[in-house]
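Enquirer: here are the coordinates; sequence isn't available:
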């Protein structure tokens, strides 16, 4: 296995230059009225999709930006955005 | 005595339309739970559903290390019982599980690590589990191949020595439990895939499979790395789990050179010698979710670099085979065992990360009790799912786990 | 033995002798020999004993598919002598024998095989339980092949390279070379990897006609010349590709030649496209005693003669299932090997041209016959042949049995990269069905045997690879496809797996001594798929991995279960595809740590260094690990600490303050210029992950510090938690570009005022204040008055390049006060006496901001900033079952407990974080995390130390801090 990830700034690079940042869960919820269940769901819970998921990556040994990609967790291959959104 | 070559876990039979208990996953936790349900509670109308073949997943891919030197008082008694059960099961199952209690040597590479080890050791000793803090020289006496010079990346300060731990033949546990469960009437259905669980009024009603639908009131998912995805897709229960690939490898076989399991957190590496003489070594996980069991070039190289430093004699060996398995990691490195809470009749036993093998015997026993009595045994209570919501992470790891920035 | 010395195919120079020692005696081989061919030339036939039954084993293949020729060479165990080049002075020893391989006292075990059916270990030796430990010791002693001394020091130099390429070609035979030439002609950067020391593959050692009277050998040389003429093809010979990973990453290793500066080197190549042309190995023929020395594969026999100049026997019988076997017989016959007869498994389908030649040479030929068993004590003396139905038999004397059932494609490079195989009944191969993206197969592994077809398939693959690199038209590929289709396709493969035998001594896996009988036993017990059989019988788990059982295992399993549709798959092939040295993978030295600008100066001052995170830091400055002198000097005089490892950052831009508000629990809008704000960051669970100070340098321009351990993750953290907001701020990590000197002690001011030009009096520069200034109009300094160690203290942040200068100035100025260094451990004790926490020491994953007593930092009015961690803090605030950080002192003037000791009653209630015999306080004090009910002042703590048995020591919860509770000393 040899993951590559396409950084929007630096292009396609070796996956070990990046750090995984979790499933896409949307912006931080407002504090007001946030129940423990909702808080826990946002902070800890995952979908654990066996298939294509949208997820965050950080280019730690590169430009230092956070960005989203689509990746198939059953092949560990990045999926091109256009293909995934279709 | 050797001529009887009957199938060890029964002939392949047709799936019935109903069972008392259905267990999804044909790994160790499932087999052990079924075995104890049958043995301790007389519940034998059980179907184990395995998509591939028994022991396909983590059960057959782990490196068979057992130990009871965990960090918290919730874990230690459970793992201690698991450790004590190996000789008992060998006898009960009449199957040689080949328990080699050679002891585990966990290397410490800094003053801070020695302090952390002392806490584990105190916890072990407080619970009557043998474990000692030893210095580098004593460690070298136990494992002469250790490099205790200052001239390595992480010089060895000392070690946590845990004599009752060791290695068990993992395949034997799978086959032995399957044999024991089948003998008591449990049906093991291989190449049978569970597709869905249907519920009615918050209660389990049936399990759909590729071989037909089964009516049942109780179902457990203990499918190792695949549990979280199954539980979410079948019941919509999201879990605090990240499924990562963990890798291990073996060298060519060798006459005895390592008499203990040696491990190092700083080097992300453990090594032990199997009864066949191979050095089995591993530990690394690529820190992103991944359902492949593929290995990486990055890791086999890293492993060689690590071994070259603290067990330099092994530089004379060759790696023969590397493989991967799945580890379902939780934010606090402790498992989730729960039941009847989210859906009545639904039980889960997952989030074991890389601890699933060492715990399987004791967990099988207590999950069986849970299912049979419909009441959670005290020893399993701290492992419920609600703890994350209550900000009560288990503390099995002192440091934050580093595979996702959101915890 | 006389060796051929003028064959055009020879790779040895028998005139150049190489001396080596085998079993203590001196022998000579020829330059170019492998260890095994040199031994064979010296008449050695038994190379080893098998793992389990100690059966004699000899030269069987020359490509390392089994461990038959594994020996200890120069102290290195398990060296595969059949493909290790002989070097001058090598010392070679046998392994796993009592006595010698020739006369092994353990040989009797072979007779006890009836006691050891498949999986017998699992059913024996556990009753009664006490015999198992004894049995286990014996098993361990008996298992394993070579020995390794615990202090073994692997000789040699190991290198690593990371080239990139447009096309990587695995296999330097005719197909691989043709592919390389095609891709190379398109101007692509090509890497060609060949595991043998030379190019040529299956053409190299054969004299059969290619075309127009050119032999295959000559054709191989012609292709190699074409390859070498193209500058953009980089050829790595003696290089095995051992791993292929998705996105086309190829790993391998090269064995150094005499002139190379490395013994072996690791290669990791990222390619756009890959061509796999790794050829075939032979599929072993299974019959009784099919691995007795004297039995060898066809290419082994032929290459012994043609590559190494050694006639493989005195009288041979051939039992083969393919035309290559017939070709080998003819060539060897022509070189002078008497052939008693050829038994061809096939009833028909032989190449008529080869048949004509066999007839012309009067070699007896039996169609539909097969070797049934070999005879002889340790080496082959005769063979019994039979019809494939087993009815008629015939015994023939010979000392060489060339046995080969068929061919097996080498598809490991494809399957490790997730290519899928599918059974093909024409070739009897498991052929690649779904190729991985941008990977193409060519050559004999597709079943091709016609030389021109082989090359043309290479051409097609090379063009497809060029297409992947956007360098070839679809039309070119179409033309090459048509060209290939017009040529002879894959040859029909023989289907036979085993001779008609019961299989008690018919070995399907040599390395693990697994017989056909064992496989039947496993299947009968319910282990009915190859993966399970592999685990239960160990077949294919030895040093040669799947090399020998390979595709025979699934073929046999299908046959035994009488499966019509062979949906059964071979067992998974795993990297490394060739056993690869740990030293080779490790490559060069990777020991790397960061050092501060003060590293060498502190070492000169006697600093004892430790690796702390990614840094090396001075932990002690004397062999007294209690650091008494260092501590007393700071308390009563003045000391200097190198704090350069602290994380240091600048954040600026319109939204800088918003970003700080998001991650810090305090209200950062209250940070005033010229003042220092101490605050903390939490994770979403409210647990403290970092603490540090923030200073305001201007509007939306801040400088802040983090703990050493968090420096690497801070940018990531802040950017992560603001990733949806689209805020505009710049965040710069200054950790490596700034150094920090901590000047502490009652005399600190006296030292500092001699060095700086500004007024540093308590009135002008008070506690918790910040000043930026220049020393001598040149060196910019950010100075903070902090009190981590509890004394008057200045933290000077200086550009790294000026660190040495400032350090020396302070040292110079401090000389009259006898200024001393202090290290990380002294600082640890000093701050502990002040109850200033260190995250990770007084906190852990479970403890939140409130638990460790830092709740005062949290500004609860901040509700619209979505500050990380505050939701959890609010929710957990009223929970009484959480840990609390407490200070304690020991009862009756007792010593301090060891760090990590537990606080207990009938259960574990907490643990000691840090405790020391305090010189400043003259008593033992410490901090512990305990359950809230034990946190009240005056509570007695029962402490459980390691190895304490029933003894307990006791402490009592006291107020924090222990030292200078009013904070006078740091404010003076």
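Expert: Looks like it came in fine. Bear in mind the structure is a predicted one, so any value in this text is a computation, not a measurement.

Enquirer: Give me the three-state assignment for the residue nearest to the spatial centre of chain A.
Expert: In chain A, the C-alpha nearest the mean C-alpha coordinate belongs to residue A:55, at 1.6 Å (C-alpha atoms, centre = their mean). When classified by DSSP: H, G, I helix; E, B strand; the rest coil, residue A:55 comes out as strand.

Enquirer: Got phi/psi on residue 31?
Expert: This is for chain A. Torsion angles at residue A:31 (phi, psi; degrees, to the nearest 10) stand at phi -70, psi -40.

Enquirer: Residue C:830 too?
Expert: Residue torsions, per degrees, to the nearest 10, at residue C:830 are phi -60, psi -40.

Enquirer: got a list of what it touches?
Expert: Contact partners of residue C:830, counting by C-beta atoms under 8 Å, 6 or more residues apart in numbering or on different chains, are C:631, C:634-635, C:744, C:788-791, C:822, C:920. Just so you know, the C-beta spots here come from the backbone N, C-alpha and C atoms, and that holds for glycine as well.

Enquirer: and it, how far is that from residue C:895?
Expert: As for residue C:830, its distance to residue C:895 is 19 Å (criterion: C-beta to C-beta, to the nearest Å).

Enquirer: And for residue C:132?
Expert: 45 Å.

Enquirer: more neighbours, these two?
Expert: residue C:132 (21 against 12; other C-beta atoms under 10 Å in any protein chain shown).

Enquirer: In which helix or strand does residue C:763 reside?
Expert: Residue C:763 belongs to no helix or strand when assigned by DSSP states H and E.

Enquirer: Could you dump the contacts of residue C:830 into a markdown table with distance to residue C:704 and neighbour count added?
Expert: Converted to a markdown table, the contacts of residue C:830 look like this (distance: C-beta to C-beta, whole Å; neighbours: other C-beta atoms under 10 Å in any protein chain shown):
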| residue | distance to residue C:704 | neighbour count |
| --- | --- | --- |
| C:631 | 29 | 24 |
| C:634 | 25 | 29 |
| C:635 | 29 | 21 |
| C:744 | 21 | 28 |
| C:788 | 16 | 20 |
| C:789 | 20 | 29 |
| C:790 | 22 | 25 |
| C:791 | 23 | 25 |
| C:822 | 25 | 27 |
| C:920 | 30 | 20 |
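
Enquirer: Specify which member of these is nearest to residue C:798.
Expert: Checking those against residue C:798 by C-beta to C-beta gives residue C:744 as the nearest, at 16.3 Å.

Enquirer: any chance you could read off phi and psi for the closest one?
Expert: Dihedral angles (degrees, to the nearest 10) for residue C:744: phi -130, psi 150.

Enquirer: hey, what's it bridged with?
Expert: On the basis of DSSP bridges, residue C:744 takes part in beta bridges with residue C:639, residue C:793.

Enquirer: which residue sits closest to residue C:635, ignoring its sequence neighbours?
Expert: For residue C:635, ignoring the flanking residues on the chain, the nearest one in space by C-beta to C-beta, 6 or more residues apart in numbering or on different chains is residue C:920 at 5.5 Å.

Enquirer: same check, this time on residue C:151
Expert: Spatially, and ignoring its direct neighbours in sequence, residue C:151 is nearest to residue B:313 (6.4 Å; C-beta to C-beta, 6+ apart).

Enquirer: and if you look at residue C:665?
Expert: For residue C:665, the spatially nearest residue (C-beta to C-beta, 6+ apart) is residue C:858, at 4.5 Å.

Enquirer: Please list all residues in contact with the one you found.
Expert: Remark: with contacts taken as C-beta under 8 Å, 6+ apart, residue C:858 is in contact with C:665-666, C:849-850, C:870, C:873.

Enquirer: quick one, what contacts the closest residue to residue C:22 other than its chain neighbours?
Expert: Of all residues not flanking residue C:22 in the chain, residue C:92 sits nearest, at 4.6 Å (C-beta to C-beta, 6+ apart). Neighbour list for residue C:92: C:20-23, C:35, C:39, C:71-73, C:81 [criterion: C-beta under 8 Å, 6+ apart].

Enquirer: since we're on the nearest residue to residue C:289 once chain neighbours are set aside, how many residues are nearby?
Expert: Computed as C-beta to C-beta, 6+ apart, the closest residue to residue C:289 that is not its neighbour in sequence is residue C:374, at 4.4 Å. Residue C:374: 26 surrounding residues under other C-beta under 10 Å.

Enquirer: Repeat that for residue C:936.
Expert: Using other C-beta under 10 Å, residue C:936 has 10 neighbouring residues.

Enquirer: okay but it is in contact with residue C:958, surely?
Expert: No: under the criterion of C-beta atoms under 8 Å, residue C:936 is not in contact with residue C:958, lying 11.0 Å apart.

Enquirer: Let me know the pLDDT of residue B:2.
Expert: pLDDT recorded at residue B:2 is 43.

Enquirer: wait, residue C:749 sits on residue C:760?
Expert: Yes: using C-beta under 8 Å, residue C:749 is in contact with residue C:760, at 5.7 Å.

Enquirer: okay, and the common contacts of these two?
Expert: In contact with both residue C:749 and residue C:760: residue C:794, using C-beta under 8 Å, 6+ apart.

Enquirer: Assign the residue of chain C found nearest chain B to one of the three secondary structure states.
Expert: Closest to chain B within chain C is residue C:144: 2.7 Å, counting by C-beta to the nearest C-beta. For residue C:144, the assignment made with three-state DSSP gives coil.

Enquirer: max-length helix in the chain?
Expert: Unless you meant another one, I'm taking chain A. Criterion DSSP state H: the longest helix present in chain A is helix A:36-43.

Enquirer: Sorry, I should have been clearer: chain C.
Expert: With secondary structure taken from DSSP H, chain C has its longest helix at helix C:451-468.

Enquirer: quick check, that one touching chain A?
Expert: No: judged by C-beta under 8 Å from any C-beta of the partner chain, helix C:451-468 and chain A are separated, with a smallest distance of 14.8 Å.

Enquirer: what's residue 40 in contact with, if anything?
Expert: Chain wasn't specified; assuming chain A. B:240, B:388-389.

Enquirer: Oops, wrong one, chain B.
Expert: Counting by C-beta under 8 Å, 6+ apart, residue B:40 has contacts B:365, B:368-369, B:372.

Enquirer: Out of the residues you listed, flag the one nearest to chain A.
Expert: Ranked by distance to chain A (C-beta to the nearest C-beta), the contacts of residue B:40 are led by residue B:368 at 26.1 Å.

Enquirer: Can you name the residues bridging to the closest residue in space to residue B:101 that isn't next to it in sequence?
Expert: Distances taken as C-beta to C-beta, 6+ apart put residue B:166 closest to residue B:101, at 3.9 Å, once the chain neighbours are dropped. According to DSSP bridges, the partner residues bridging residue B:166 are residue B:66.

Enquirer: Give me the pLDDT for residue B:166.
Expert: 96.

Enquirer: Could you report the neighbour count for it?
Expert: Neighbour tally, residue B:166, other C-beta under 10 Å: 21.

Enquirer: Pull the contacting residues for it.
Expert: B:65-67, B:99-104, B:261.

Enquirer: before we move on, back to that, tell me what the residue nearest to residue C:22 is bridged to.
Expert: Per DSSP bridges, the residues bridged to residue C:92 are residue C:22, residue C:73.

Enquirer: in chain A, which segments are predicted with low confidence?
Expert: A:1, A:81-86 (pLDDT under 70).

Enquirer: picking that back up, identify the farthest-apart pair in the contacts of residue C:858.
Expert: C:666 and C:850 (14.1 Å).
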